[in-house]
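# My questions are about this predicted structure, shown below with the sequence.
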Amino acid sequence: GLSHGVEWVLIVASVAVAVVGILVARSLWGRRGVAADDAFAARLPGVQRTLANKYWVDELYDATVVRGTWGLAALLHRFDARIIDGLLVNGTRHLTVGIALLSGFFDKYVVDGLVNLVGWLSQTGSRALRRAQTGLVQQYALVLAAGVVALVGLYIVLH
């Protein structure tokens, strides 16, 4: 922090500035009130306007902080509407719906189609084999002998 000597100098300087301000105001206005204020405004209109408008602090605050805050709020609202809600939320929804549609299509036409194909092949194959099951042992023996001959012939051809 500041040393005690510097602190006292600043205290004395602050009090001196305040006393000078009071004395200047008293010399300018004295006890005349509104008449002195009108005389001051006539002599120094720029200074009077600056003081009456409080150094335009409110206007400056409105032009910077208030309008800046509203501008930032509008920008963040557009960002939220377009990026967060638009791209992320709605984009995720569209992606999820698209994947669900593809999954449903795959399940209905590929998985169910393969299951139905296996069922159809089993049913068709069983009809063909049902005709071969006559119950006659001689016919079974003939098919067995024909199969043995076919295997022996295949073995001879391949070796």
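Nice, thanks for sending it over. Remember, it's a predicted structure, so these values are computed and weren't measured experimentally.
# so where do the helices sit in the chain?
Secondary structure of the chain (DSSP state H): helices at 4-29, 34-43, 45-52, 57-61, 67-79, 91-105, 112-132, 137-158.
# Adding mean neighbour count, distance to Asp85 and mean pLDDT, write the ones you listed out as CSV.
Quick note: C-beta positions are derived from backbone N, CA and C, even for glycine. Formatted as CSV, these follow (neighbours: other CB atoms under 10 Å; distance: least, CB to CB, whole Å; pLDDT from 0 to 100):
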stretch, mean neighbour count, distance to Asp85, mean pLDDT
helix 4-29, 10, 54, 90
helix 34-43, 12, 56, 80
helix 45-52, 11, 47, 89
helix 57-61, 10, 32, 95
helix 67-79, 10, 10, 97
helix 91-105, 10, 10, 96
helix 112-132, 10, 37, 91
helix 137-158, 10, 71, 94
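# residue with max distance from the center of this structure?
Distance from the centre of the chain peaks at Gln138, with 79.2 Å (CA atoms, centre = their mean).
# what's the spacing between that residue and Ala132?
Noted for Gln138: a distance of 14 Å to Ala132, by CB to CB, to the nearest Å.
# now do Asp38
Distance, Asp38 to Ala132, by CB to CB: 127 Å.
# ok, now Leu102?
Note on Leu102: its distance to Ala132, by CB to CB, is 44 Å.
# Next: Phe106.
Look at Phe106 and Ala132: by CB to CB, they are 38 Å apart.
# got it, and Asn116?
Per CB to CB, Asn116 is found 25 Å from Ala132.
# Next: Gly147.
Taking CB to CB, one finds Gly147 at 12 Å from Ala132.
# ditto for Ile156
Going from Ile156 to Ala132 by CB to CB gives 27 Å.
# just Ser14 next, same as before
Distance of Ser14 to Ala132, computed by CB to CB: 118 Å.
# what do you get for Thr124?
When distance is defined by CB to CB, Thr124 is 14 Å away from Ala132.
# can you check Leu75 too?
As for Leu75, its distance to Ala132 is 81 Å (criterion: CB to CB).
# so who does Leu101 touch?
With CB atoms under 8 Å, 6 or more residues apart in numbering as the criterion, no residue contacts Leu101.
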